[in-house]
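In: 3D, please:
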Amino acid sequence: MDTVVFLKMVPDVVEELVIGQDGKSLDTQWLRMKLSDPDEHALEEAIILKEKYGGTVTVVGMEAPEVEEVLYTAFAKGADRAVKLPGDWTGIQAPAIAKLYASFFSSGSRQLTSETLILLGSQAIDDLEGEVAPYLAEILGLGYVGVVTGIKLDDEKKKVIVMKEFAAGLRGEFELPLPAVLGMQAAEKPPRYVPVAKVRSIMKSARIETVEVSPPEAIAGLSVDRLFMPEVTGKADMLEGSVEEVSARIIEILADRGLIGR
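Out: Sure, this is the predicted structure:
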């Protein structure tokens, strides 16, 4: 199996986010980037598939702060090849990202074959609808399933059998011919940890490739007029006392707000 994993860097919301002077974007001076959590699960699932069925794992990331560290970490976890797509991709949105990823396969760096499986995170904090993966599948003319939590190959290794999660805890099993695009929600196992020392060692021996891709033409998308910090409206009231006392207080609060009759 030839697995290609596209990795996306997103703002680390553990850090305090500051709005830039333009009022439309985050201040990059204080912005720390990290690998999107679903993408980290996509990488883990790719390594699991390699351990089960053999083959190779290629990781691809758009140029962004901290992306090289993420690519070297992917090497340390078991990836065979790491590629960076250079350029200024600030503000690029899902349709354009999908076209950019598709151009990776037309750049001559990698061809789609009957053994190619493309993995992406099912969503990201700046793409909650999970649009990139289905857009990419449409451009490449491939089958797509999202919110995937498990993958296995059929006996002939020509199809993937995937487990997809639905609302209310429902799950369904789907079968797709290869090549295919999958949006990962969670890997079979939690993403593995690699020591910093191993990553530093990999940095001395592994090489991140650079593949030039043409920026996609202008694509209609969302435009941001202005960002606002969340307004502080007050603090929570903690209800204390016995069950009866707390219940009575909840009823009183709901009645005061006109949500129930007295």
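
In: May I have the beta-bridge partners of V148?
Out: As for beta bridges, V148 partners with K164, M184 under DSSP bridges.

In: from what I can see I97 touches A133, true?
Out: No: here I97 lies out of contact with A133, judged by C-beta atoms under 8 Å, at a distance of 10.0 Å. To be clear about C-beta, it is placed using only N, CA and C from the backbone, and glycine gets the same treatment.

In: V10 - that's part of a strand, no?
Out: Yes: note on V10: a strand contains this position according to DSSP: H, G, I helix; E, B strand; the rest coil.

In: For it, which non-adjacent residue is spatially closest?
Out: Among residues not flanking V10 along the chain, S36 sits closest, at 4.7 Å (C-beta to C-beta, 6 or more residues apart in numbering).

In: show me what contacts the one you found?
Out: If you count contacts by C-beta atoms under 8 Å, 6 or more residues apart in numbering, S36 has them with L7, K8, M9, V10, G121, A124, I125.

In: can you rerun that using 7 Å?
Out: Contact analysis of S36 by C-beta atoms under 7 Å, 6 or more residues apart in numbering lists K8, V10, G121, A124.

In: Which residues are in contact with Y72?
Out: Y72 sits next to V199, I202, M203, A206 when contact means C-beta under 7 Å, 6+ apart.

In: still on that earlier bit, higher neighbour count, I97 and A133?
Out: In this view I97 and A133 are compared by other C-beta atoms under 10 Å, and A133 has more residues nearby, 29 against 22.

In: Is it correct that that one is in contact with V148?
Out: No: in this structure, A133 is not within contact of V148 by C-beta atoms under 7 Å, at 9.7 Å.

In: In which helix or strand does G150 reside?
Out: With elements taken from DSSP states H and E, the one containing G150 is strand 143-153.

In: let me redo that: I202
Out: Counting by DSSP H and E, I202 is part of helix 196-205.

In: Then V70?
Out: Here V70 is assigned to helix 67-77, by DSSP H and E.

In: Buried residues in that helix, which are they?
Out: Along helix 67-77, the positions that meet the burial threshold by neighbour count (16 or more other C-beta atoms under 10 Å) are V67, V70, L71, Y72, T73, A74, F75, A76, K77.

In: for stretch 204-224, same thing?
Out: Within stretch 204-224, the residues that qualify as buried by neighbour count (16+ other C-beta under 10 Å) are A206, I208, V213, P216.

In: what comes into contact with the lengthiest helix in the chain?
Out: Of all the segments of type helix in the chain, defined by DSSP state H, the longest one is helix 37-53. Contacts with helix 37-53, where a contact means C-beta under 7 Å, 6+ apart, come from 1, 3, 5, 7-8, 57, 59, 74, 77-78, 119-124, 151, 153, 157, 184-189, 191-192.

In: and the angle for that helix with strand 143-153?
Out: For helix 37-53 against strand 143-153, the angle between stretch directions is 40 degrees (axes from the mean of the first three to the mean of the last three C-alpha atoms, to 10 degrees).

In: Following the chain past helix 37-53, name the next helix or strand.
Out: Per DSSP H and E, helix 37-53 leads on to strand 56-62 as the next helix or strand towards the C-terminus.

In: Using CSV, write down the CA coordinates of that following strand.
Out: Written as CSV, here are the backbone C-alpha positions of strand 56-62 (Å, rounded to 0.1, in the frame of the first residue of the first chain):
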residue,chain,number,x,y,z
THR,A,56,5.2,3.1,2.3
VAL,A,57,4.0,6.3,4.0
THR,A,58,4.6,9.7,2.5
VAL,A,59,3.7,12.8,4.5
VAL,A,60,3.1,16.2,2.8
GLY,A,61,2.7,19.6,4.5
MET,A,62,2.3,23.1,3.3
